[in-house]
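Participant: Attaching a predicted model along with its sequence, questions to come.
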Amino acid sequence: MEKIIELKNLTKNYGDQQVLRGINLDIYQNEFLTLLGPSGCGKTTTLRIIAGFEEPSGGQVLFDGVDVSKVPAYKREVNTVFQKYSLFPHMNVFENVAFGLRIKKVDESFITTRVNRMLQMVGLADFGPRDVNLLSGGQQQRVAIARALVNEPKVLLLDEPLGALDAKLRRDMQVELKKMQQEVGITFIFVTHDQEEALTMSDTVVVINEGTIQQIGRPIDIYNEPENRFVAGFIGESNIIDGIMKKDLLVHFDGVDFECVDKGFPENEPVEVVLRPEDIDIVKPEDGKLTGQVTSVTFKGVHYNVMVKTKYRDYMINTTDYWEVGTPVGLTLTPDDIHVMWKTPY
Amino acid sequence: MNKGNGFWAKLYVVLCFAFFYLPIGVTIFFSFNSSKSLSHFTGFSMRWYEALLKNNDIVQAVYVSVTIAVIATIVSTILGTITAIGLSSTGRVLKDAILTMNDIPILNPDIVTAISWMLLFSSLGFSKGYWTMLLAHIGFCTPFVITSVYPKVRSLDPNLANAAMDLGATPFQAMIKVILPAIKTGIYAGVLLSFTMSFDDFVISYFVTGNGVKNISIIVYNMTKRINPIINALSTIVILVIVVILIVVFATPRIRAKKAAAERKMEKELEEEGALPPSGGVKKHRRLGAGFVIALLGVVLVAGSYSAAKKSASAAGKKQQLRVYNAGEYIDMDLLGRFEEEYGCTVVYETFDSNEMLYTKLLAGDQYDILIPSDYMIERLIKEDYLQPIDWSLISNKDSLNPDVMDKEYDPGNVYSVPYFYGSVGILYDKTLVDKADLSEGWNILMDQKYKGNLYMYDSERDSFMVALKALGYSMNTTDEDQIRQAYDWLIRQRKTMKPIYAGDDVIDNMVSGNKAMAVVYSGDGALIMSENENMDFFEPEQGTNIWYDAMVITKDCQNTELAHDFIDFMLQQDVGEQNTEYIGYTSPVTGVYKKMSQTMFKGIDAYQPRSGYAKDEVFRYQTQDVKKLYAQLWTKVKAQ
């Protein structure tokens, strides 16, 4: 795959406040890339710099290897779907979608065909003459997407586009967006603070916190092998435990040695161990490496959320089995279930 | 039950509308009156419309009002809209400061704004006229545009411009194609506000104009000084235009919507046959709108260049110019045209509504060649060195002046002034209602219980105190506080016991109609009333009265003294004096004119000859500030009763 956008040591300050502290990122053709992070982390700023709405304080934005840091938004080959859609309130659906083409002074019959095809794609085939102010949130969303895609950009930027939709519609749109991306075959850069959304849709997830990239990777890698405590905590739920890496493939915590699959740490390095709640097995006390007592059980639909109090700490475990509160239990872990990270100052 | 409610509700609405529209209806009705009366309909005629069209002054004023309103609206809309858009992305502190500052001119009383503009232009040494009026109008309209556009801008999605630029629009295109259409309702509101504010502005225009430039409001205001039914005709036309505009504004969107719906339907049918791309209709409307705007701009440009061309034409001719400042409706305008022709010059004619107004203008540095103020103001202007002596050797008609009206206290020896009109104040009474014997009471007839609730006083501080002081046997120029207070008591007592009506110029019409038994009036007005209603008679009480003079004077900074003298001489000509007197109705100081008029138009009307040489009659003198203040305070109290 070819690189289409490169961000090189991007920084951005608002007054004394440093919002981006050196972002380095390569974005490839055809990629569905998600910028994920809590609000205020700098993900939207990064997107706005790519779109050209903001100038970086330092660093470069390269499109196809050319620095576009000083190129105004209207000359960039990207289009944006805004968080609140920002549809033009004085135009109907057709005119909203046709806007970009009209600016380019494209032939009228061409516009008609293209706009109608776009509306068909987003499922609004007969909506052309409708007033955009009278559409539902989901419909406005689709108009915004059509309005951006009609220009056949190389990259589509989406700034938390699903934030305003209800849960059911959001899930439907996630699937649909992914499908559209595959259909039109262009790069999507998607900004969200919703980790589930990021994991569902993306080819690549970029986790950002406090203006710095924490981790870049495939959703499954980000989930299973978070690089630090922040990523582990932000993506899914986990038990994060201080431990010591005795040697390759052997980690010690809570007074017990565990075999693991991690290596490359110095001997006796203090580390952090991530245990996903669904990876811990509850067994009889005599079969467990750790022992404790069930302190609470919460029904979550598919599984139970069980809290087990051990000598050192409370473990959070997700299991499909029901355990009575007060039952003495044992806990076991296979080497695959254990993920060892470098200790971070958080 | 329901039905009953419906009836009362309807009646309420009908009464409300009757209340709003009755004044308008009356105006329209009397614009077709064949006589001068504003209260008696004597028959249908179009004479006032004819007079209106012939009146170059009014046509010119309409032109001034319309072009100033259009240009001021366009400029202030552009300025205000840009400011409002800019404000939306300004820091909070600065924005709040600017918005607060923007509110101040809006809340400021017009009169304060007016005087501020006048002083500004005077201090900058601008020559007042069309451009100063236009600048002031732009100045006071812009804050209104900002106020109506800004909330609309603030409610916009902040990413709207970004969205447009994201789709390839340049910042300018984003502004034109997205931001402006999205805030257009705010802009329309601003346009409407500006246009109406500018079109009906009187106060500010009045103070900032000069060199004879007048808008409709000023012209109408000046006309109301005397009965002039042309106002009715003018008002009717303005109302008609507004009605037409309203109909167009309200009907057009509906017609357009209907048309658009029909078009869409047709397009859809055609589209189904595959003959036409859809949405062509939208584009057509846009073109229509653009065409309209361009047409409007064209009209303004043409109008602008027309006025510029006219100005440069008059400048190119390098005609001599005479700037005359006179009271409103106080000359037959045709005479000015005749003077211009005979002397190959241009007369720049302006009017004031009171001597005090004239004084304020002079104080503000406005320049004129000839003024026509009243006696006491002439005295003040002489004292304060605003005037230059008349060169009587240049006045060939000086011998035709009536010696009785010369050499009065306000200008002994007529060093500075040449009388224009003069008259007295007296009591006009209905012979059929007032007992002739009662006239011997003099001014005290106004206290006679027989006539309680049946008389008009003149709504003026000076004239009312004159009546009271004379009734008490004092001088009307007294500075003795005790005497002034006695006069005040007299007026209070009269107000309580007699219930008089304080009237302005409307007294003329009311007395022509014989609405009350008597009225305090100027002799000239008395003569006019008597010529229309033969039951009326006029007398000047034995206790003495006010004899007033309006006279022509030449200012110190007159630029063409020769022409100024020519003008004065011209006004003293027999035929000129006759024509002017016929129009104004006051008593001419030219002996020949006076004689002719008293034998023709005012034959047998004694009011046409004010008393002369009577020791108890007086002329108003210039008074010190303290005394004037006392009069003003006491008069306010009388009126507050």
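Facilitator: Perfect, I can see it now. Numbering: from 1, shown residues only, chains lettered A, B, ... in the order given.

Participant: Can you give the domain ranges for the chain?
Facilitator: If you meant another chain, say so; for now it's chain A. A:3-229, A:239-342 (automatic domain parsing).

Participant: Correction: the question concerned chain B.
Facilitator: B:2-51, B:58-228, B:279-317, B:320-420+B:550-599, B:422-549+B:605-640.

Participant: hey, least reliable of these by pLDDT?
Facilitator: Ranked by mean pLDDT, these bottom out at domain B:279-317, which scores a mean of 52.

Participant: What is the neighbour count of the residue of the stretch 1-150 of chain B found nearest chain A?
Facilitator: Per CB to the nearest CB, residue B:91 is where the stretch 1-150 of chain B lies closest to chain A, at 11.7 Å. Just so you know, the C-beta spots here come from the backbone N, C-alpha and C atoms, and that holds for glycine as well. Residue B:91 has 8 neighbours, counted by other CB atoms under 10 Å in any protein chain shown.

Participant: I figured residue B:61 hits residue B:212, correct?
Facilitator: No - under the criterion of CB atoms under 8 Å, residue B:61 makes no contact with residue B:212, lying 10.4 Å away.

Participant: Could you measure from the most centrally placed residue in chain B over to chain A?
Facilitator: Most central in chain B under CA atoms, centre = their mean is residue B:221, positioned 2.1 Å from the mean C-alpha point. According to CB to the nearest CB, to the nearest Å, residue B:221 and chain A sit 43 Å apart.

Participant: In space, what's closest to that residue - neighbours in sequence excluded?
Facilitator: residue B:202 (6.1 Å; CB to CB, 6 or more residues apart in numbering or on different chains).

Participant: contact partners of the longest helix along chain A?
Facilitator: The helix spanning the most residues in chain A, taking DSSP state H as the definition, is helix A:167-184. Contacts with helix A:167-184, where a contact means CB atoms under 8 Å, 6 or more residues apart in numbering or on different chains, come from A:32, A:121-122, A:137-138, A:141, A:145, A:149, A:152, A:156, A:158, A:161-162, A:165, A:188, A:190, A:197, A:200-201.

Participant: Apply 7 Å and report the result again.
Facilitator: A:32, A:138, A:141, A:149, A:162, A:165, A:188, A:197, A:200-201 (CB atoms under 7 Å, 6 or more residues apart in numbering or on different chains).

Participant: Restricted to strands, list the residues you listed.
Facilitator: Per DSSP state E, strands hold the following members of those: A:32, A:188.

Participant: will you turn the contacts of helix A:167-184 into a markdown table that also has distance to residue B:626 and pLDDT?
Facilitator: Below are those laid out as a markdown table (distance: CB to CB, whole Å; pLDDT from 0 to 100):
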| residue | distance to residue B:626 | pLDDT |
| --- | --- | --- |
| A:32 | 90 | 91 |
| A:138 | 81 | 85 |
| A:141 | 79 | 87 |
| A:149 | 84 | 88 |
| A:162 | 81 | 84 |
| A:165 | 80 | 78 |
| A:188 | 86 | 92 |
| A:197 | 85 | 87 |
| A:200 | 91 | 86 |
| A:201 | 89 | 87 |
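
Participant: In contact with residue A:46: list those residues for me.
Facilitator: A:10, A:20, A:23, A:35.

Participant: Contacts for stretch A:24-34 next, please.
Facilitator: By CB under 7 Å, 6+ apart, the list of residues contacting stretch A:24-34 reads A:1-9, A:178, A:181, A:185, A:187-190, A:192, A:198, A:201-206, A:213.

Participant: sorry, back to before: quick one: the residue nearest to residue B:221 from chain A, how far?
Facilitator: Relative to chain A, and taking CB to the nearest CB, residue B:202 is found at 37 Å.

Participant: Please list the residues of the stretch 101-250 of chain B that sit near chain A.
Facilitator: Residues of the stretch 101-250 of chain B lying near chain A by CB under 7 Å from any CB of the partner chain: B:157, B:159-160, B:162-163, B:165-170, B:173, B:178, B:181-182.
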